[in-house]
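Engineer: Predicted coordinates and the sequence they were generated for:
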Amino acid sequence: MIVRALEGRMGCRVESVRNGIEARDAIGPQEFSLVLSDIRRPDMNGAELLDWLRDHRPDVLAHTVFMTGDAGTSELNAKVQGSGRPVLQKPFTLNTLFAVAEEI
């Protein structure tokens, strides 16, 4: 639903991946206007992706938004929420996503 909405309503080209390793590999040397990542992902969670982006692609980190269905009480959530990057709490509306994406 998010992919269709970003492509259709915002005219974005979207690359969707299944896990954190694929996300890291897809980011590689490419340019992205927005990276939307769940905090809890298989293989490489949001905090690990955050660290990788800080070390290898700080330019892309500046365009990264995280999302989570947790209440923010875990150590993992605390690290990502303390990063200064936006964190969308699930469930969120598409209008909320569009507003954050436009700010980025």
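Structural biologist: Arrived safely.
Engineer: Would you mind pulling up the elements that the host helix or strand of residue 52 packs against?
Structural biologist: Secondary structure assigned from DSSP states H and E places residue 52 in helix 46-56. Other elements packing on helix 46-56 under the criterion 3 or more CB pairs under 8 Å, 6 or more residues apart in numbering; DSSP states H and E are helix 20-27, strand 35-38, helix 58-61, strand 64-68, helix 75-81. Bear in mind the C-beta positions are built from the backbone N, C-alpha and C, glycine included.
Engineer: tell me which residues in stretch 9-27 are buried?
Structural biologist: Applying a neighbour-count criterion of 16 or more other CB atoms under 10 Å, the buried positions in stretch 9-27 are 20, 22, 23, 24, 27.
Engineer: In contact with residue 70: list those residues for me.
Structural biologist: Residues near residue 70 by CB atoms under 8 Å, 6 or more residues apart in numbering: 39, 40, 77.
Engineer: Now do it against residue 80, distance only.
Structural biologist: Relative to residue 80, residue 70 is positioned 10 Å away (CB to CB, to the nearest Å).
Engineer: Can you pull the residues that touch both of the two?
Structural biologist: residue 39.
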